[in-house]
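Asks: fold the following.
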Amino acid sequence: MPVDDLAPGGPRAKAQGCLCSVLANAAFRAGVESKPCIDPRCPMHADPSED
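Replies: Numbering: from 1, shown residues only. I've put the predicted structure just below:
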(Lines give C-alpha, C1' and ligand atoms only; values in the text may rest on other atoms or scores of the structure.)
Protein backbone atom coordinates (compact mmCIF):
# COMPACT_ATOMS: atom_id res chain seq x y z
CA MET A 1 0.00 0.00 0.00
CA PRO A 2 1.55 3.32 -1.01
CA VAL A 3 1.82 5.84 1.79
CA ASP A 4 1.07 9.46 0.93
CA ASP A 5 1.54 12.70 2.81
CA LEU A 6 -2.00 12.44 4.25
CA ALA A 7 -0.76 9.44 6.21
CA PRO A 8 -0.67 9.82 10.00
CA GLY A 9 2.03 12.35 10.89
CA GLY A 10 2.56 13.35 7.24
CA PRO A 11 3.07 17.01 6.31
CA ARG A 12 -0.30 17.63 4.63
CA ALA A 13 -2.12 15.69 7.33
CA LYS A 14 -0.42 17.75 10.06
CA ALA A 15 -1.38 20.95 8.21
CA GLN A 16 -5.00 19.77 8.21
CA GLY A 17 -5.11 19.05 11.94
CA CYS A 18 -3.66 15.55 12.31
CA LEU A 19 -2.58 14.91 15.91
CA CYS A 20 -0.65 11.71 15.18
CA SER A 21 3.05 11.72 16.04
CA VAL A 22 5.49 12.55 13.25
CA LEU A 23 8.27 10.48 14.86
CA ALA A 24 6.08 7.51 15.80
CA ASN A 25 4.89 7.25 12.19
CA ALA A 26 8.18 7.86 10.36
CA ALA A 27 8.73 4.15 9.71
CA PHE A 28 5.13 3.75 8.50
CA ARG A 29 5.48 6.64 6.05
CA ALA A 30 8.79 5.19 4.85
CA GLY A 31 7.07 1.87 4.14
CA VAL A 32 8.98 -0.07 6.83
CA GLU A 33 6.02 -0.59 9.21
CA SER A 34 2.67 -1.90 8.02
CA LYS A 35 0.53 -0.21 10.71
CA PRO A 36 0.54 3.45 11.69
CA CYS A 37 0.54 4.80 15.24
CA ILE A 38 -2.80 6.61 15.53
CA ASP A 39 -3.38 9.22 18.23
CA PRO A 40 -6.86 8.49 19.64
CA ARG A 41 -7.56 12.25 19.67
CA CYS A 42 -6.75 12.71 15.97
CA PRO A 43 -9.75 14.08 14.06
CA MET A 44 -8.45 12.64 10.76
CA HIS A 45 -7.25 9.14 11.64
CA ALA A 46 -8.80 7.99 14.93
CA ASP A 47 -11.76 5.64 14.80
CA PRO A 48 -14.79 7.74 15.76
CA SER A 49 -16.37 4.75 17.50
CA GLU A 50 -13.61 4.81 20.15
CA ASP A 51 -15.00 7.92 21.90
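
Asks: going by C-alpha atoms from here, please, whenever you check contacts or count neighbours.
Replies: OK.

Asks: quick one: pLDDT of the most centrally placed residue in the chain?
Replies: Closest to where the C-alpha atoms of the chain average out (CA atoms, centre = their mean) is residue 8, at 1.1 Å. pLDDT, residue 8: 94.

Asks: next: residue 1.
Replies: With respect to pLDDT, residue 1 has a value of 40.

Asks: equivalent analysis for residue 5, please.
Replies: Reported pLDDT for residue 5: 70.

Asks: mind listing what it touches?
Replies: By CA atoms under 8 Å, 6 or more residues apart in numbering, residue 5 lies in contact with 11, 12, 13, 29.

Asks: for the closest residue to residue 33 other than its chain neighbours, helix, strand, or coil?
Replies: Using CA to CA, 6 or more residues apart in numbering and skipping the chain neighbours, the partner closest in space to residue 33 is residue 27 (5.5 Å). Following DSSP: H, G, I helix; E, B strand; the rest coil, residue 27 is assigned to helix.

Asks: what's the neighbour count on residue 27?
Replies: 15 (other CA atoms under 10 Å).

Asks: ok, it to residue 49 distance?
Replies: 26 Å (CA to CA, to the nearest Å).

Asks: if we can go back for a sec, the residue nearest to residue 33 reaches residue 37, doesn't it?
Replies: No: look at residue 27 against residue 37 with CA atoms under 8 Å: they stay out of range, at 9.9 Å.
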